[in-house]
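Chemist: what's the 3D shape of this:
(one chain, ligands or ions: 1)
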Amino acid sequence: MPHTRLDLDRIRAARQVIHPQFLDTPLYECDALGHRLGCTMSVKLETANPVRSFKGRGTELVASRLIAQGRAAVVCASAGNLGQALGWSGRRRGLDVTVVASRWAPAAKLDRIRALGAELELVEGDFETARERAASIAQRRGVRLVEDSLDIETCEGAATIGLELASGAPSFDAVLIALGGGAMATGVGHVLKTLLPAVEVICVQPLGAPAMTRSWHERRVVTTESTDTIADGVAGRYPIPVVLDDLLEVADDAVLVQEASIIAGMRMFLEHAGLVVEPSAALGVAAVLEDRDRFAGRHVVTIVCGGNVDLDAYHRWVRT
Ligand SMILES: Cc1ncc(COP(=O)(O)O)c(C=O)c1O
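Modeler: Numbers count the residues shown, from 1 in each chain. Below you'll find the predicted structure:
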């Protein structure tokens, strides 16, 4: 049993709070993809919901607890998907949602945040600048700041994916998880290390945004000066110490992949699975492409965690 901030009973209880549209997402073996990758490849599809990413699982918990506490407003920093998810969960419950994001975030994500009725504030810098700004807004207004991966609800929500993987058949050997702040990897990892300890939990980050992966290998927080990746959903620079502690308990490995492999992964999803995925969701396939021997003949699950892309950029990527 891993010693993390997570608790299996709380994760099970979370399922009662999360809107069913985010739960029990498809999990299926994708023959065509597996054939090209030399392994059995199953996908856990987290894009077939109103915000096209897994983040709604966590924001459902955040928003329902805020309502239970009688709170009326909430603020978060977002690379784009958390903001949409909080917008969706907040709107359903009448919460005022403010999202702070980089003005360089994909326009499709920013447009959807606005369309969901959230107040969107843009900053000139990257996600870490947005985090600072969101914290100061929350302090000034006296409202709850949602901090992705630090706030336990965001990890518990993502962890419900792990419950679904553990109860799905048939069994599998490894799961590939995109690693950003770590909510998804620590959540899913906690459940799998508790219920299916033999499954290898492998986190994947881009070489251009390696802070959490380096931190995991060095067992201490390592920050970076900048990021350089198309995988905007995982491009953080400042790992959160307690999240790293949890990740050290539940991950078997953390690997870095090149941009060309991420693009190849996106193209493979389109061509062989009929799925439009954003770069962060292609990290798992990228990891297999870069180390085919490691996965040869094994049953691997990859979590297709987001599908929000700008059309022009997406066309450029999949055409190259
Ligand atoms: C599509 C997508 N994949 C992966 C991640 C990274 O997840 P986490 O921050 O839980 O590690 C995010 C985060 O927003 C995301 O939007």
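Chemist: how much space between the spatially closest residue to residue 258 that is not a sequence neighbour and the ligand?
Modeler: Nearest residue to residue 258, sequence neighbours excluded (Cβ to Cβ, 6 or more residues apart in numbering): residue 207, at 5.7 Å. Where you see a C-beta, it was placed from the backbone N, CA and C, and this is true even at glycine. When distance is defined by Cβ to the nearest ligand atom, to the nearest Å, residue 207 is 16 Å away from the ligand.
Chemist: With residue 6 instead?
Modeler: 13 Å.
Chemist: residue contacts, that residue?
Modeler: Residues near residue 6 by Cβ atoms under 8 Å, 6 or more residues apart in numbering: 152, 155-156, 159, 186-187, 190-191, 246.
Chemist: do residue 181 as well
Modeler: Going by Cβ under 8 Å, 6+ apart, residue 181 touches 148-150, 212, 236, 239-240, 243.
Chemist: ok so, going back, from the contacts of residue 6, which ones fall inside helices?
Modeler: 152, 155-156, 159, 186-187, 190-191, 246 (DSSP state H).
Chemist: out of the residues you listed, who's nearest residue 228?
Modeler: Within the ones in helices among the contacts of residue 6, the smallest distance to residue 228 is 25.0 Å, found for residue 186 (Cβ to Cβ).
Chemist: Can you get me a residue count around the residue nearest to the closest one when sequence neighbours are not counted?
Modeler: Of all residues not flanking residue 186 in the chain, residue 246 sits nearest, at 4.2 Å (Cβ to Cβ, 6+ apart). For residue 246, the neighbour count with other Cβ atoms under 10 Å is 24.
Chemist: With residue 292 instead?
Modeler: By other Cβ under 10 Å, neighbour count at residue 292 equals 11.
Chemist: do you know how far the residue nearest to residue 186 is from residue 114?
Modeler: Using Cβ to Cβ, to the nearest Å, residue 246 is found at 33 Å from residue 114.
Chemist: next one: phi and psi at residue 145?
Modeler: Backbone torsions of residue 145, given as degrees, to the nearest 10, read phi -100, psi 120.
Chemist: wait, residue 23 sits on residue 14?
Modeler: No: counting by Cβ atoms under 8 Å, residue 14 is not a contact partner of residue 23; they are 9.7 Å apart.
Chemist: Which neighbours do those two have in common?
Modeler: Contacts common to residue 23 and residue 14, judged by Cβ under 8 Å, 6+ apart, are 57, 160.
Chemist: With neighbour numbers in mind, choose between the two.
Modeler: Set residue 23 next to residue 14 and count neighbours by other Cβ under 10 Å: residue 14 wins out with 23 against 17.
Chemist: Now for the closest residue to that one other than its chain neighbours, how many residues are close by?
Modeler: The shortest distance from residue 14 to any non-neighbouring residue, by Cβ to Cβ, 6+ apart, is to residue 156 (4.9 Å). Residue 156: 27 surrounding residues under other Cβ under 10 Å.
Chemist: Now that residue 156 has come up, it's in contact with residue 187, right?
Modeler: Yes: with contact defined as Cβ under 8 Å, residue 156 reaches residue 187; the gap is 6.5 Å.
Chemist: can you list residues touching both of these two?
Modeler: With Cβ under 8 Å, 6+ apart as the test, residue 156 and residue 187 both reach 6, 11.
Chemist: Residue 21 belongs to a helix?
Modeler: Yes: under DSSP: H, G, I helix; E, B strand; the rest coil, residue 21 sits within a helix.
Chemist: residue contacts, it?
Modeler: By Cβ under 8 Å, 6+ apart, the residues touching residue 21 are 49-50, 56.
Chemist: Please list only the buried members of the residues you listed.
Modeler: Taking 16 or more other Cβ atoms under 10 Å as the criterion, what is buried in these is 49, 56.
Chemist: now, which of the contacts of residue 21 sits nearest residue 265?
Modeler: residue 49 (21.2 Å).
Chemist: Got the phi and psi for the closest one?
Modeler: As for residue 49, its main-chain torsions (degrees, to the nearest 10) stand at phi -150, psi 170.
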